[in-house]
Each structure stands twice: as C-alpha cells, then as structure tokens.
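Q: Provided below are the primary sequence and the corresponding predicted coordinates.
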Amino acid sequence: MIYQWKSYAYFHADQSKANEQDENKRCPGETLSKLEAELKKYDEQNEVAYKKQKGEQDKQNRIELNNYVRTAKSKRNDPVLEKKIIEWWNVRNAAYPAAKIIFIEPDFNMVRDQYNQVLRKIVGAMVVYRDKSGHCFAQWSRFGYEHLGGGAFAEEVTSWVAGYQQYSNYGFNVANQSLIAGTNYELDCNAIK
C-alpha cells in the first residue's frame with residue numbers, strides 16, 4: 001500500500017488478482033475500510049497540529065513584519081519616484097491610498113531581453129496602505145520606467161507584477177520570511193505611523 005496525504009493506493013503482490021472480476025475476492029474491502037478510518041484519524045491529528053504550528057508562525061511573522069515596517073529606513077532617497085509610486089498606486093487603488101513607501105533596494109536594476117537590449121529599469125519598493133475597514137497592509141513590487149531607446153526612459157512609472165512582466169517569483173526576504181511580489185501582508189496599523 002502507498003499512502004500520501006489523505007489518499008492511498010493498494011497494490012496486490014499476487015498478479016493473478018489483477019484479472020479477478022469479483023471485487024470481494026480481488027480487494028479485501030473490509031480491511032481497506034478499516035485502514036482508511038485509521039488513516040483519517042491520523043490525518044485529522046496532523047492537520048490540527050499543522051494549523052496550530054502555522055498559526056503560531058504567522059503570528060510571529062506578522063510581529064516581525066510590523067517591526068520591519070515600523071523601523072525600516074528606505075534604501076533609496078528619491079522623493080520624485082516616491083511621489084510617482086504613490087500617484088500610480090492611488091489611481092489604481094483609490095479605496096486603499098498609500099500611506100508610506102519603503103524602497104527595499106538602493107539602485108535601479110536594468111531588465112534586458114535575450115539580446116541584451118534594455119527593456120526597463122526597476123527598483124523594489126514596499127507600499128504600505130490602509131483599507132476601508134481600517135486594516136493595514138504592506139505589498140511590495142518592482143516599480144520603474146520603460147526604456148524608450150537611445151538611453152531614454154518613459155516619465156510614467158509602471159509596476160511589474162502580472163502577465164509577461166511577472167516578477168512574483170522574486171521573493172523579498174524580510175523578518176525571516178520571503179514576501180512574494182504583489183501579495184498583501186496584513187500589518188498592525190500602529191506599524192505605519
């Protein structure tokens with residue numbers, strides 16, 4: 001028998017049973033049902049333990065993320081870009097206005113295509129905001145400018161989180177956890193003051 005997280009497969013060592021048409025002769029149904037009931041109890045115990053452990057870890061991660069947001073110093077001093085990111089965010093998320101921007105990288109990174117041509121320049125930044133119900137969140141992404149050619153870049157800020165511009169596989173490591181781009185992480189609102 002092979003057992004893997006809430007499912008199992010039963011195999012006969014006797015190959016002649018494979019052609020047996022009568023299920024009662026082919027499979028010891030009563031034995032399998034008894035084993036399934038025992039495994040169900042085992043799964044339930046493991047699930048309770050996992051949820052408890054995950055809850056404790058989530059609580060600790062939230063405490064550490066709150067501390068990070070409360071005490072973090074932006075790694076880039078760029079008031080123009082900061083203002084553009086806030087404007088970009090507020091246009092797309094009018095109900096959730098940005099309260100704070102934290103640059104998580106000091107410099108722009110150049111994104112290039114397979115021919116080494118510059119496509120855009122980007123920098124990681126975390127947007128901290130409050131929703132209508134008064135809950136606070138942090139979300140990080142890559143913000144920057146499209147390359148227009150000849151060393152010139154667009155004036156409009158863009159964020160890369162979806163479609164061919166997917167950057168969510170980049171994890172930003174903070175407070176012993178990897179934050180995925182474009183994902184909302186809940187904070188205590190006193191962290192953004």
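A: Everything's here; your move.
Q: hey, let's count contacts and neighbours off CA atoms from now on
A: Fine.
Q: you'd agree Cys136 is up against Ala99?
A: No. If you go by C-alpha atoms under 8 Å, Cys136 and Ala99 don't touch, sitting 9.5 Å apart.
Q: more crowded one of those two?
A: Cys136 (21 against 16; other C-alpha atoms under 10 Å).
Q: contact partners for the more buried one?
A: Contacts for Cys136 (C-alpha atoms under 8 Å, 6 or more residues apart in numbering) come out as Val128, Tyr129, Arg130, Glu186, Leu187, Asp188, Cys189.
Q: again, 6 Å this time
A: Tyr129, Arg130, Glu186, Leu187, Cys189 (C-alpha atoms under 6 Å, 6 or more residues apart in numbering).
Q: which among those residues gets closest to Val48?
A: In terms of C-alpha to C-alpha, no member of those lies closer to Val48 than Glu186, at 23.4 Å.
Q: list phi and psi for that closest one.
A: phi -70, psi 140 (degrees, to the nearest 10).
Q: contacts only, for the closest residue to it other than its chain neighbours.
A: Excluding the flanking residues, the one nearest Glu186 by C-alpha to C-alpha, 6 or more residues apart in numbering is Phe137, at 4.3 Å. Counting by C-alpha under 6 Å, 6+ apart, Phe137 makes contact with Val128, Tyr129, Tyr185, Glu186, Leu187.
Q: now do 7 Å
A: By C-alpha atoms under 7 Å, 6 or more residues apart in numbering, Phe137 lies in contact with Val128, Tyr129, Arg130, Asn184, Tyr185, Glu186, Leu187.
Q: can you give the distance of stretch 136-153 from its chain's centre?
A: Taking C-alpha atoms, centre = their mean, to the nearest Å, one finds stretch 136-153 lying 20 Å from the centre of the chain it belongs to.
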